[in-house]
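Q: With the input below, show me the fold.
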Amino acid sequence: MGLRPEPRPVESVEVSNIDPDDDTISFDVDEVGSPGTILTFFPWPRARRGSRGVGQVTVTSFAVPEGSLDWWRERFERHGVLHEDPHRRLDEEVLTFVDPDGLKLELVAHEDAEAAPSWSEGSVAAERAVRGFHAVTLMERSLEPTAELLTEGMGLRRVAEEGGRVRFASRAGGLGTRVDVLSTPDAPHGRVAAGTVHHVAFRVADEEDQKVWREELVGRGLDVTPVLDRQYFHSVYFREPGGVLFELATDPPGFTLDEPVAELGTGLRLPSWLEPHRERIEQVLPDLEDPTRPRPRRLPAPPPGPISPG
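A: Residues are numbered from 1 along each chain as shown. A predicted model of the protein is given here:
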């Protein structure tokens, strides 16, 4: 997909010791890891395959320039990526596919993508490159409790609807500002494991803004964590009424806190409290190939069964 790797191990929410399964690897769309461009993976070599269902983010959608989906479909076919044919939904052209672990992803051709930057050294030309998140899809048993939180609690607007899908959007507009809620009353609950989404993060300006939001959410009866120091940002977590785990993360201090833009992703950076464990962490982290170097074609094993709804 032409994304920039950002290896950054961090601690889990309930860390009391260092566990290899708590290491994370992030991928950025642009040069600096701007809000709305970062997808993080947990490498769990022995993890069971999870299942998508109620109470989860079931689809992560990326924005690409309009007119590029035919090129992406051909690219997926060359690389053995399991995908559907492009289709229209909410007046947008969508290409759905899954990664080797069954994580469901989409590319959405959208006019907002044209003005957003991409990674200049990526393997995909700028006129087709991924520019950031377009939307996430939440699968819910009941629409209204989640809709109330998104609109009255978090200030999003209800902007579109098609079938059982309702779209909410930030008033700011642009990339990474849309949340789709898919109402599926009879669907089973999902199981978080390999190939599923753990949580979705929302951007807040700074710590003071985060404090205000936290008080608002607690006042609504939600169980919100204390502020957690993630080195590059500060976070609070809570579950929305349908069970999806939300995070509110601050912009500062940002990923350039401890290395210049040109070196982002080239070395292993650890927070001070994990530095004593560097040797052990380096031993368990998987190797990453340099995406700017040519490499032989590799066909990932497709997940079992068709791409399911969500």
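Q: So for this structure, the centremost residue is which one?
A: Compute the mean C-alpha point of the chain, and by CA atoms, centre = their mean the closest residue is residue 39, 4.1 Å away.
Q: contacting residues around residue 128?
A: If you count contacts by CB atoms under 8 Å, 6 or more residues apart in numbering, residue 128 has them with 64-65, 68, 71-72. In this view, the C-beta of every residue, glycine as well, is placed from N, C-alpha and C.
Q: most neighbours, which of those residues?
A: Within the contacts of residue 128, residue 64 tops the neighbour count with 28 neighbours, counted by other CB atoms under 10 Å.
Q: pLDDT score assigned to that residue?
A: Looking at residue 64, its pLDDT is 95.
Q: Let me know the pLDDT of the closest residue to it other than its chain neighbours.
A: On the basis of CB to CB, 6 or more residues apart in numbering, the spatially nearest residue to residue 64 that is not a chain neighbour turns out to be residue 107, at 5.0 Å. Note for residue 107: predicted pLDDT of 97.
Q: Can you give me the neighbour number for residue 107?
A: Residues lying near residue 107 (other CB under 10 Å) number 26.
Q: That one against residue 59, yeah?
A: No. Counting by CB atoms under 8 Å, residue 107 does not reach residue 59; the two are 11.3 Å apart.
Q: Contacts only, for residue 196.
A: Neighbours of residue 196 in contact, by CB under 8 Å, 6+ apart: 50-52, 56, 103, 190.
Q: what about the strands in the stretch 101-250 of the chain?
A: Ranges of strands in the stretch 101-250 of the chain, per DSSP state E, counting those that start in this stretch, are 104-109, 132-140, 157-162, 165-169, 178-183, 200-204, 228-229, 234-239, 245-250.
Q: TSV for those, including distance to residue 259?
A: Shown next, in TSV, are the strands of the stretch 101-250 of the chain (distance: least, CB to CB, whole Å):
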stretch	distance to residue 259
strand 104-109	28
strand 132-140	22
strand 157-162	38
strand 165-169	34
strand 178-183	31
strand 200-204	21
strand 228-229	18
strand 234-239	19
strand 245-250	19
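Q: Return the most buried member of those strands.
A: Highest mean neighbour count among those (mean count of other CB atoms under 10 Å): strand 132-140, with a mean of 25.
Q: Give me the packing partners of that strand, helices and strands only.
A: The contact analysis (3 or more CB pairs under 8 Å, 6 or more residues apart in numbering; DSSP states H and E) places strand 132-140 against strand 56-64, strand 104-109, strand 178-183.
Q: partner strands of the first one, parallel or antiparallel?
A: Spelled out, that is strand 56-64. Partner strands and pairing direction for strand 56-64 (DSSP bridges) are strand 104-109 (parallel), strand 132-140 (antiparallel).
Q: now for those strands, which one comes closest to residue 181?
A: Across the strands paired with strand 56-64, residue 181 has its closest neighbour in strand 132-140 (5.1 Å, CB to CB).
Q: in the host helix or strand of residue 279, what's buried?
A: Assessed by DSSP states H and E, residue 279 sits inside helix 278-284. Within helix 278-284, the residues that count as buried by 16 or more other CB atoms under 10 Å are residue 281.
Q: circling back to that earlier point, top of the contacts of residue 196 by number of neighbours, please.
A: Neighbour counts for these peak at residue 56, which has 27 neighbours (criterion: other CB under 10 Å).
Q: Next one: that one from residue 101, what distance?
A: Using CB to CB, to the nearest Å, residue 56 is found at 15 Å from residue 101.
Q: try residue 250
A: Distance, residue 250 to residue 101, by CB to CB: 30 Å.
Q: beta partners for the nearest residue to residue 210 once chain neighbours are set aside?
A: Residue nearest to residue 210 in three dimensions, not counting chain neighbours: residue 204, with 4.7 Å by CB to CB, 6+ apart. Applying DSSP bridges to residue 204 yields these beta-bridge partners: residue 250.
Q: Report the contact partners of residue 204.
A: 210, 213, 248-251.
Q: which of these sit farthest apart?
A: Comparing all pairs in these by CB to CB, the longest separation belongs to 213 and 251, at 13.3 Å.
Q: Tell me which of the two has more neighbours.
A: residue 213 (19 against 16).
Q: Return the distance of the more buried one relative to residue 54.
A: 26 Å.
Q: residue contacts, the closest residue to residue 242 other than its chain neighbours?
A: Spatial nearest neighbour of residue 242, chain neighbours left out: residue 140 (4.0 Å); criterion: CB to CB, 6+ apart. Counting by CB under 8 Å, 6+ apart, residue 140 makes contact with 54-55, 146, 181-184, 242, 244.
Q: Also residue 245?
A: Residues in contact with residue 245 (CB under 8 Å, 6+ apart) are 198-200, 237-239.
Q: Now flag whichever of the residues you listed is closest to residue 176.
A: For the contacts of residue 245, the nearest to residue 176 is residue 200 (10.4 Å; CB to CB).
Q: Nice, that's everything, thank you.
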